[in-house]
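Undergrad: fold the following for me, if possible:
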Amino acid sequence: MNNWYASFHLLTLLCSIGLLSACTQQTVLVVNNNTDLPRNKEMIETSLPKQISIPFVLLDDEENEVPYQITYDNKLIFQSTITSHHSRQYILKEGQPKRIESKVFGQQIKWRKDDFAWENNCIAYRLYGPALQESGEKAYGYDIWVKNTSDLIVAKRYKLEQDKHLSYHQNHGNGLDFYKVGPTLGAATGALLDAKGAIVYPYCYKTYEILDNGPLRLTVRFTYPTFSFDNEKQITETRILSIDAGTFFNRMQINYQSLSNTHPYLVGITKHKNTSSLDDAYIAKNKTFISYANPKSKKEGQIFVSAIYPKGADRANTKIFTKDEQKERHSEGYVEIQTSYQPNQTLTYYWGAGWSKYRFPDFKSWIQYTAQSTQQLQQPLQVTFKSES
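TA: Numbers count the residues shown, from 1 in each chain. From the prediction side, this is the model:
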């Protein structure tokens, strides 16, 4: 009896120790900034180890809860601030995280000819849908909706337009849409080139699917109508667009199904008419990004646009249209950056815009921001996981 009791007591003690050890063991996420560039509220993205159970609470090194999101492709994302050549530790602790207000938004606006509009806490954009294409209006590119607030305003602007006929082309206190797209690539839309070097203009999306809907990232998959050019038949373009909280840039992932051959791929930023010189364009020496300053409005200020290829492109330049094409496009030309698209490839680039009345007082400040964003993409923060008891 005594032997049995002793054995039972020892077994219970060992189990307790095992449980205590399991309870006290925790997963630590370490973020290293091995660069000379300080990172301020940069979005961290990492795959989750299989042993991590969801949900969990994410705590920083001061035990403050950090908002996070698990994306559709099972990535953990959260924002982190780290000085240069330093690291920070985060603890993943079992529990239910606090709900936070979303910093991103995206929605199809059915009544407005199927616009798809999206935004984060910095900037807003839209692209055009099948109802607009059916109307015969030609608008191939991305549109920019500037704002001077971190609030999400897209739905409100559309509602004011629909209910009270207050146009979103006028500033009612938080910004407006005064960017012109027309029959151009607009704000850094991409397109294939045919055998003669002509742009194969994409039209409006056919279907969409929201993959991530906040609170820190919006991701949308757009599928476009099939098309043919040269000897290529029945090509289908898919774009996966994502925007994170805290940035002015979108990420675009481009794929063409049934494409047989390698073709040049061009991203163009529309140069609007009546610009006086080429000083409105900036091309990075290593061809990693292009930037353009739209004509300045006395009332509304100025919009700046950039496109980024972090690994560099094949070429970048400014192209001025012929007089006939200027008349057709209502545009002076493009600031363009070009690479090659290979069959079965997913091509990724980044694009975005800023406004002189919010955060970017002049073109120089926008170029500096684009250059810094490019450097951050080239030198991502390093993430490792470890277990501690």
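Undergrad: isn't E101 up against L216?
TA: No: checked against CB atoms under 8 Å, the pair E101 and L216 is beyond contact range at 10.9 Å. Just so you know, the C-beta spots here come from the backbone N, C-alpha and C atoms, and that holds for glycine as well.
Undergrad: neighbour count for the two, which is higher?
TA: In this comparison of E101 against L216, neighbours counted by other CB atoms under 10 Å, the higher total goes to L216 at 21 against 9.
Undergrad: pLDDT at that one, what is it?
TA: The confidence metric pLDDT takes the value 98 at L216.
Undergrad: all numbers from here: first residue = 135
TA: Renumbered: residue one is now 135, and that last one reads L350.
Undergrad: quick one, what contacts it?
TA: 177, 201-203, 211-213, 237-238, 378-379 (CB atoms under 8 Å, 6 or more residues apart in numbering).
Undergrad: one more pass at 6 Å, please.
TA: 203, 211, 379 (CB atoms under 6 Å, 6 or more residues apart in numbering).
Undergrad: roughly how far apart are the first one and S521?
TA: Okay, so that is Q203. Relative to S521, Q203 is positioned 23 Å away (CB to CB, to the nearest Å).
Undergrad: distance from the chain centre to the helix or strand encompassing E268, please.
TA: Secondary structure here is read from DSSP states H and E; on that basis E268 sits in helix 264-269. Helix 264-269 has its average C-alpha position 25 Å from the chain's average C-alpha position, going by CA atoms, centre = their mean, to the nearest Å.
Undergrad: next, give phi and psi for the residue nearest in space to the middle of the chain.
TA: The residue lying closest to the centre of the chain (CA atoms, centre = their mean) is N384, at 2.2 Å. Reported as degrees, to the nearest 10, the phi and psi values for N384 are phi -100, psi 150.
Undergrad: partner residues bridging it?
TA: I377, W485 (DSSP bridges).
Undergrad: which residues are in contact with it?
TA: For N384, the residues meeting the contact criterion (CB under 6 Å, 6+ apart) are 375, 377, 485-486.
Undergrad: give me that answer again for 7 Å
TA: Contact criterion CB atoms under 7 Å, 6 or more residues apart in numbering gives 259, 375-377, 484-486 as the residues in contact with N384.
Undergrad: how about low-confidence regions in this structure?
TA: The chain contains residues with pLDDT under 70 at 135-159, 408-412, 523.
Undergrad: try it again at 50.
TA: Within the chain, the segments meeting pLDDT under 50 span 135-158.
Undergrad: would you map out the domains in this protein?
TA: Domain assignment of the chain by automatic domain parsing yields the ranges 164-233, 238-511.
Undergrad: what's the span of stretch 220-238 from first residue to last?
TA: 29 Å (CA to CA, to the nearest Å).
Undergrad: swap that for stretch 221-236, please
TA: Taking CA to CA, stretch 221-236 runs 27 Å from one end to the other.
Undergrad: what's the burial count for Y443?
TA: Y443 is surrounded by 24 other residues when neighbours are defined as other CB under 10 Å.
Undergrad: ok, now how distant is it from T215?
TA: For Y443, the distance to T215 under the criterion CB to CB works out to 27 Å.
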